[in-house]
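K.L.:
structure of the sequence below:
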Amino acid sequence: MKNERRILASAYACHPDPGGTIALFPGEAIGGWNLVRQISRFGQVWVITHPRNREGIERAQAQGAIRNAKFCYIALPAWMNILDKAEFGIRIYYYFWQIRALTAARKLHKKHHFDLAHHVTFNNDWMPSFIGAFLPVPFIWGPVGGGQGTPAAFRQSYSFSGRLAESSRAMAQWAGRHLLISRKICQRKARAILVCNHETRARIPARYLSKVHLFPVNGISREDLDRAPVRDSSRKGYRVLTAGRFIRLKSFDLALMAFHRFVIKHPDSVFEIVGKGPEEDRLKAIARELGIEDRVWFLPWLSKEALMAIMAEADVFLFPSLRDGGGAVVLEAMASGTPVICLDSGGPGFHVRPEWGIKVAAKDPDSAVRDMAEALERLYLDQGMRTRMSRNAKARVLEFYVWDKLGDRLSGIYSKCLDLDADRLLYGEE
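P.N.:
Numbers count the residues shown, from 1 in each chain. Sure thing, here's the model as predicted:
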């Protein structure tokens with residue numbers, strides 16, 4: 001694609017190293033940043049984003065990490081910031097942020113005459129892109145998630161507030177999918193819809209499926225692959241690892257129960273849990289109640305480099321998240337050559353295949369715990385399987401998930417979309 005092409009990107013979450021800056025959605029912020037970097041490889045890009053990202057973006061710009069990109073920082077009035085502190089409130093904040101972003105986009109388009117608009121983040125199938133729906137520019141939407149949900153059988157273990165939050169999310173999803181005309185306009189107008197998991201693809205109406213591309217929301221840089229340490233095959237003992245925010249939907253309590261069933265038979269094993277969050281005290285209490293606190297090590301959140309180093313020393317990465325749209329840590333484990341055990345749901349279910357991991361059906365908590373414990377034992381008993389999965393996981397990341405390769409694929413999608421007859425696409429025909 002030629003550099004003179006002018007692209008507008010809407011990326012509410014876009015930060016090279018969010019840390020605590022965007023504590024609720026760090027994965028989306030990193031994904032947004034890397035997608036913007038890729039877009040800037042094959043066009044001049046103007047990025048509309050939130051001011052919370054400014055410090056990290058400007059630091060990266062000063063280091064030469066991105067070129068051909070200009071950033072426009074849009075915020076809402078300060079009195080609305082209270083909405084921006086909780087998972088559901090931030091969705092409301094973001095809805096109104098999009099209105100202001102659309103106003104900025106119209107002014108930018110009047111000045112620069114964009115060839116293409118790409119709504120990068122936030123993205124889910126039930127909340128529309130205002131820029132996509134209302135800016136008179138060819139439009140790319142995604143990677144879109146949001147089709148995945150918490151299975152009803154797993155909600156029973158949630159607290160009242162947890163069940164209320166899940167019910168509220170389900171109602172918002174229903175309303176967005178059925179009542180928002182702007183969402184329907186997005187689907188009709190989009191020249192390509194990128195989706196990051198199979199559940200979200202299933203939510204797209206059949207008449208638009210020809211525009212759908214399965215495209216991960218997470219990737220791995222070549223630098224991360226180059227830094228990945230070599231596994232020490234002579235190390236003794238069996239190490240199980242998990243990592244992420246300590247929140248209920250990650251189901252680390254189920255991981256502890258599965259490890260408990262497993263470690264009774266194989267006491268030479270340890271379980272390392274890396275992260276932070278509101279569930280930490282509860283998880284530590286569960287480990288004590290199960291009598292495995294001496295075999296479970298809680299570690300604070302680590303940098304990507306430090307986490308991948310620990311991953312390379314682990315025998316298996318156990319990740320029972322119920323509805324992750326992406327699951328960046330799963331890719332990092334694969335890049336480290338660590339076999340993955342996960343639920344067959346959302347992004348992890350999309351990333352993992354039998355050649356490099358084990359997927360467990362998310363039917364109910366009891367069967368999930370049993371199946372995860374059995375998967376841990378299969379890998380414990382079969383060193384050859386672990387070695388094959390390690391090799392295949394690394395090969396899969398190198399083949400499909402390196403950011404530059406994802407960027408090349410995105411460039412191809414752009415080229416195809418700009419060559420298509422726009423009038424036919426408006427009616428979902430390709």
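
K.L.:
between the two ends of stretch 379-388, how far is it?
P.N.:
Stretch 379-388 has its terminal residues 11 Å apart, counting by C-alpha to C-alpha, to the nearest Å.

K.L.:
can you mark which positions in it are buried?
P.N.:
For stretch 379-388, the neighbour count (16 or more other C-beta atoms under 10 Å) marks 379, 380, 386 as buried. C-beta: built from backbone N, CA, C; applies to glycine.

K.L.:
residue 145 versus the residue nearest to the spatial centre of the chain, what's the distance?
P.N.:
For the chain, the residue nearest the mean C-alpha position is residue 326 (2.8 Å; C-alpha atoms, centre = their mean). For residue 326, the distance to residue 145 equals 7 Å [C-beta to C-beta, to the nearest Å].

K.L.:
same check, this time on residue 105
P.N.:
23 Å.

K.L.:
same question, residue 323
P.N.:
Between residue 323 and residue 145 the computed distance is 9 Å (C-beta to C-beta).

K.L.:
confirm that residue 72 sits in a strand.
P.N.:
Yes. Counting by DSSP: H, G, I helix; E, B strand; the rest coil, one finds residue 72 located in a strand.

K.L.:
what's opposite it in the beta bridge?
P.N.:
residue 48 (DSSP bridges).

K.L.:
before we move on, back to that, find residues that contact each of residue 326 and residue 145.
P.N.:
196, 197, 217, 346, 347 (C-beta atoms under 8 Å, 6 or more residues apart in numbering).

K.L.:
ok, residue 259 - how many residues close by?
P.N.:
Residue 259 has 27 neighbours, counted by other C-beta atoms under 10 Å.

K.L.:
following the helix of greatest length in the chain, which helix or strand shows up next?
P.N.:
Using DSSP state H to define each element, the chain has its longest helix at helix 87-112. The helix or strand immediately downstream of helix 87-112 is strand 116-121, counting by DSSP states H and E.

K.L.:
how far off centre is that following strand?
P.N.:
For strand 116-121, the separation from the chain centroid amounts to 17 Å (computed by C-alpha atoms, centre = their mean, to the nearest Å).

K.L.:
what lines up beside that strand in the sheet?
P.N.:
strand 6-11 (parallel), strand 139-144 (parallel).

K.L.:
out of those, deepest packed?
P.N.:
strand 139-144 (a mean of 27; mean count of other C-beta atoms under 10 Å).

K.L.:
residue furthest from the geometric center of this protein?
P.N.:
Distance from the C-alpha centroid of the chain, by C-alpha atoms, centre = their mean, peaks at residue 265 (34.6 Å).

K.L.:
that one contacts residue 381, doesn't it?
P.N.:
No. Using C-beta atoms under 8 Å, residue 265 is not in contact with residue 381; the gap is 10.2 Å.

K.L.:
low-confidence ranges, the stretch 101-250 of the chain, go.
P.N.:
The model of the stretch 101-250 of the chain has pLDDT under 70 over residues 228-235.

K.L.:
now do the strands in it.
P.N.:
In the stretch 101-250 of the chain, the strands defined using DSSP state E, counting those that start in this stretch lie at 116-121, 139-144, 192-195, 212-214, 238-245.

K.L.:
neighbouring strands for the shortest one, and are they parallel or not?
P.N.:
Paired with strand 212-214 in the same sheet, following DSSP bridges, are strand 192-195 (parallel).

K.L.:
gap between residue 124 and residue 83?
P.N.:
For residue 124 relative to residue 83 (C-beta to C-beta), the value is 17 Å.

K.L.:
so for those two, which sits in the more crowded spot?
P.N.:
Neighbour count, other C-beta under 10 Å: between residue 124 and residue 83, residue 124 has more, with 21 against 18.

K.L.:
before we move on, the earlier item: turn the strands of the stretch 101-250 of the chain into JSON lines, including distance to residue 365.
P.N.:
As requested, the strands of the stretch 101-250 of the chain are exported to JSON lines (distance: least, C-beta to C-beta, whole Å):
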{"stretch": "strand 116-121", "distance to residue 365": "32"}
{"stretch": "strand 139-144", "distance to residue 365": "29"}
{"stretch": "strand 192-195", "distance to residue 365": "28"}
{"stretch": "strand 212-214", "distance to residue 365": "29"}
{"stretch": "strand 238-245", "distance to residue 365": "17"}
